[in-house]
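> Fold the following, please.
(chains A and B)
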Amino acid sequence: MRKTWWKIVCVVLLFYTIIQGLIGTIPRQPILNETLRNVYFHVPLWFGMMTLMIASAWFAIKYLRGGNIQHDEYSAEFANTAMLYGVLGFATGAVWGNYTWGDPLPKDPKLIAVEVGLLIYAAYFILRSSFEDEQKRGRLSAVYNIFAFAAFMPLVWILPRLTDSLHPGNGGNPAFGKYDMDNRVRLVFYPAIIGWTLLGVWITSLRIRVRIIKRLKTEQF
Amino acid sequence: MQEIKALIEKEIRLEWRQKYALNGMLLYIISTVFVCYMSFKLKVDIIEPITWNTLFWIILLFTAVNSITKSFTQEGAGRQLYYYTLASPQGIIISKIIYNTLLMLVLSVLGFVVYAVMLGNPVVNLPMYLVSILLGSIGFSTTLTMVAGIASKAENTSTLMAILSFPIILPMLMMITKLSKSAMDGLGWNTSYDEIAILLAIDAIVLSISYLLFPYLWRS
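Presented below is the predicted three-dimensional model:
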């Protein structure tokens, strides 16, 4: 029970999010209308992805400092789940954009940033698969992971704020918090962020365990 | 400082001795420009300013990827081990970046001249365009040198080089095309301070990260 409490929290929060997202009341907004419900799914997925990417880079740094192969496995699996969240966030965003902006893939710096981010992490996995030696793979992919992270962050956080963007909070658009969210929405939105992030960590921890077991098995024979 | 100077001198001397590599790069950029000339200028004779600019930067990007890839692969493993005993990894990466910047500057200025002669020169604010070429050369060489270091350790170096570097270099490329497009349209300097500042900031980030991470790369 010692380590399961956060999994229970995760399930409860996600059930709360889904139920509130489907049948809860939502403030009426022009253009947005009922699509505001997507704010419980699309936005938390991005927050989760960012957290997972930071975790991945963090374990890459730890690996470089210590050389413990387990940290490399952590880093790779966090990147894996981050990519899954990225694809999901992209899909939910496309659905949302279809109904509010009239186009699933409008020209928008944030969309470009995410496409680039997915390309970077796809390249990261190709780089990983091209090495046989464990230590060498760990070191080189950790170096690329940190390098890519440092190149990717300004792309997501700085550039969209300088150019015109359709997203709220960018390019002079007001952020969501100011007008669109009332306290009822916030009461679901913040738990949703925590819930989705915890789910990402949970998926990652399961995959890490599978990976470690596989490694130990191959080491035995 | 002494070390970096010696290492740069060594790179230049090495390049000068194997002239085929340098001449190969020069011919590469000239023939690419010629292909563009054949397919645009001869066929339709009009080329939109935005196409002119983008085409130029794509040519430069491919030239940069091709010429910087060899900065680690042309030296054998034995010789790299020898450098490892002589110089510090920081000295090596810094000298390689500076050398690649110089190489890219030569190649891109020459490329620009050939390109302007063959496809016409619609640039109004020439000094600003040259500044964008300078910033582009610095940016390309800092990012690509580090990626070349990673890719050279694997077997399929050239494929890895492209897929690893293109997504990282994209934001820089977007800023450079924006800056050079305003130079083409003859806008004043004060409209482009933002882009120049962002480019310098990205360069600084990439440079410091390379400086910190290269020792780990070198060890393998």
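> residues of stretch A:194-205 that come out buried?
Going by neighbour count (16 or more other CB atoms under 10 Å in any protein chain shown), the buried part of stretch A:194-205 is A:194, A:195, A:196, A:197, A:198, A:199, A:200, A:201, A:203, A:204. Glycine gets a C-beta too; all of them are placed from N, C-alpha and C.
> Show me how far it is from its chain's centre.
Put simply, stretch A:194-205 sits 10 Å off its chain's centre (CA atoms, centre = their mean, to the nearest Å).
> Could you point out which residue ranges in the chain have low pLDDT?
Because you didn't say which chain, this covers chain A. A:1-2, A:30-33, A:158-166, A:168-182, A:221 (pLDDT under 70).
> Chain B was what I was after
B:220.
> give the contact list for residue A:49.
A:82, A:85, A:86, A:89, A:200 (CB atoms under 8 Å, 6 or more residues apart in numbering or on different chains).
> Can you classify it by secondary structure?
helix (DSSP: H, G, I helix; E, B strand; the rest coil).
> Nearest residue to it in space, please, no chain neighbours.
Leaving aside its sequence neighbours, residue A:49 sits nearest to residue A:85 (CB to CB, 6 or more residues apart in numbering or on different chains; 4.0 Å).
> my guess is residue B:175 contacts residue B:202, does it?
Yes - the criterion here is CB atoms under 8 Å, and residue B:175 meets it with residue B:202 at 7.4 Å.
> measure whichever residue of chain A sits closest to chain B to residue A:58 for me?
Distances between chain A and chain B by CB to the nearest CB are smallest at residue A:119, namely 3.9 Å. As judged by CB to CB, to the nearest Å, residue A:119 and residue A:58 stand 22 Å apart.
> One more: residue B:16?
Distance, residue B:16 to residue A:58, by CB to CB: 45 Å.
> Same question for residue A:81.
Distance from residue A:81 to residue A:58, by CB to CB: 14 Å.
> ditto for residue B:64
Residue B:64 is 31 Å from residue A:58, where distance means CB to CB.
> Verify the stated contact: the residue of chain A closest to chain B with residue B:166.
Yes - contact criterion CB under 8 Å: residue A:119 and residue B:166 qualify, at 7.4 Å.
> Which one's more surrounded, residue A:81 and residue A:58?
Applying other CB atoms under 10 Å in any protein chain shown to residue A:81 and residue A:58 shows that residue A:81 carries more neighbours, namely 25 against 17.
> Would you tell me what helix or strand the residue nearest to the more buried one when sequence neighbours are not counted is located in?
Once flanking residues are discounted, residue A:81 sits nearest to residue A:204: 4.6 Å by CB to CB, 6+ apart. Element membership for residue A:204, per DSSP states H and E: helix A:183-220.
> centre of the chain versus that helix, how much separation?
The answer for helix A:183-220 is 11 Å, by CA atoms, centre = their mean.
> same deal with stretch A:19-35?
On CA atoms, centre = their mean, the centre of stretch A:19-35 falls 23 Å from that of its chain.
> Could I get the buried residue list for it?
By 16+ other CB under 10 Å, the buried positions in stretch A:19-35 come out as A:20, A:21, A:24, A:26, A:32, A:35.
> likewise stretch B:54-73?
Using 16+ other CB under 10 Å as the burial criterion, the residues of stretch B:54-73 that qualify are B:55-57, B:59-61, B:63-72.
> quick one, what contacts residue A:189?
A:39, A:40, A:43, A:44, A:181.
> circling back: can you report how many residues lie near the residue of chain A closest to chain B?
Counted with other CB under 10 Å, the neighbours of residue A:119 add up to 17.
> what's the helix or strand for it?
helix A:109-129.
> what's in contact with that helix?
By CB under 8 Å, 6+ apart, helix A:109-129 touches A:76, A:79-80, A:82-83, A:86-87, A:89-90, A:93, A:105, A:137, A:140-141, A:144-145, A:148, A:151-152, A:155-156, A:159-160, A:163-165, A:167, A:170, B:150, B:154, B:160, B:163-164, B:166-168, B:170-171, B:174.
> Whichever of those residues end up buried, select them in ChimeraX.
The ChimeraX command for the buried members of those (criterion: 16+ other CB under 10 Å) is given here:
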select /A:76,79,80,82,83,86,89,90,93,137,140,141,144,145,148,151,152,155,156,159,160,165,167,170 /B:150,154,160,163,164,166,167,168,170,171,174
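> Sort out for me which of the contacts of helix A:109-129 are in helices.
A:76, A:79-80, A:82-83, A:86-87, A:89-90, A:93, A:137, A:140-141, A:144-145, A:148, A:151-152, A:155-156, A:159-160, B:150, B:160, B:163-164, B:166-168, B:170-171, B:174 (DSSP state H).
> mind listing what residue 195 touches?
Using chain A here. So residue A:195 contacts A:9, A:10, A:13, A:14, A:16, A:17, A:44 (CB under 8 Å, 6+ apart).
> meant chain B, my bad for not saying
Residues near residue B:195 by CB under 8 Å, 6+ apart: B:175, B:178, B:179, B:182.
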